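Q: What follows is a protein structure lacking sequence information:
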């Protein structure tokens, strides 16, 4: 092969020598390569698109009309109810309103003074001062909606420990919740014997001001903060529970499980709580003894409990009875 032919086979010479299509063929190919959306519409296609636009516009107009009708009715309906609907006169409203039917054989109604009471089903117009009526307190949960404000419990009286009933007053209540889901477990209420309320009141007052018989607003705020403080509240209630004799305060807890909770589950939880509390008291007492030993017994720190508080037979018997 001659050098001239080899040079003619090079790419540069092939590109220069490549045949080009005719102008009319190139325009025809470009016309065929255009997409359908870029091609001009024929008369028949234009009529179809125009008809689709008209149908779509009619649908939007119909939808707008229905929305406007709904908005007008939503504004007219409250005006009709407020202007034309007659309400009973306040004087003709019943004085009591039944909330629930027959809880424990009684009906729960709202008495004059906005007091929630439990009255016999045969009572027509019960009041809070009736002998067979129990005043109720709302708990804040629908599972256990009410707690009685007062209850009667058997208590030993006299030197022979003859049992008799005494009235206990509801001091406070709360809902026990667990986990981050705030699942309600039970409702607990603290009842104090009505005849011992003044002893508890004097003790709480002396906690803030030992020489006062009543608290001023600033001292009441200090007492509230102390009762909400974890450490100070523990000290206050430890002192209350340590009162004995004529200064002792009779108290009772009323616990009602919510839905899905039984007393066996509560008992196991309380047993674990009592065990953890006793361990905490022992650790605190050991810490106080360590501080005394560090100071070469030059200071005398009060012990939380006596040395045999949790090791005597009475504590073991009480735990056994509680578990039973």
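A: Cool, got the structure. Not measured: the values here are computed from a predicted model.
Q: which stretches of the stretch 1-150 of the chain have low pLDDT?
A: Within the stretch 1-150 of the chain, the ranges that satisfy pLDDT under 70 run 1-47, 86-105.
Q: wait, isn't residue 255 in contact with residue 266?
A: Yes - between residue 255 and residue 266 a contact is recorded at 6.7 Å, counting by CB atoms under 8 Å. Bear in mind the C-beta positions are built from the backbone N, C-alpha and C, glycine included.
Q: shared neighbours of the two, which are they?
A: Common neighbours of residue 255 and residue 266, counting by CB atoms under 8 Å, 6 or more residues apart in numbering, are residue 186.
Q: in the stretch 151-300 of the chain, which spans are helices?
A: Listed in chain order, the helices of the stretch 151-300 of the chain (DSSP state H, counting those that start in this stretch) span 197-208, 217-228, 230-241, 263-294.
Q: Return the most buried member of those helices.
A: helix 197-208 (a mean of 15; mean count of other CB atoms under 10 Å).
Q: Scan the chain for its longest helix.
A: helix 43-84 (DSSP state H).
Q: Could you check how far that one is from the centre of its chain?
A: 45 Å (CA atoms, centre = their mean, to the nearest Å).
Q: wait, residue 164 sits on residue 157?
A: Yes - between residue 164 and residue 157 there is a contact at 4.7 Å, judged by CB under 8 Å.
Q: what separates the one residue sitting closest to the centre of the chain from residue 312, distance-wise?
A: Per CA atoms, centre = their mean, the C-alpha nearest to the average position across the chain is that of residue 182, at 6.1 Å. Residue 182 is 39 Å from residue 312, where distance means CB to CB, to the nearest Å.
Q: Helices of the stretch 1-150 of the chain, residue ranges please.
A: 3-8, 11-17, 23-33, 43-84.
Q: who touches residue 173 in this structure?
A: Residue 173 makes contacts with 137, 139, 147, 187-190, as judged by CB under 8 Å, 6+ apart.
Q: List the ones among these that fall in strands.
A: 137, 147, 187-190 (DSSP state E).
Q: Filter those residues down to the buried ones.
A: Among these, those buried by neighbour count (16 or more other CB atoms under 10 Å) are 137, 147, 187-189.
Q: which one among those gets closest to residue 270?
A: residue 188 (10.7 Å; CB to CB).
Q: so which pair among the ones in strands among the contacts of residue 173 is furthest apart in space?
A: So, these by CB to CB: farthest apart are 137 and 188, at 13.0 Å.
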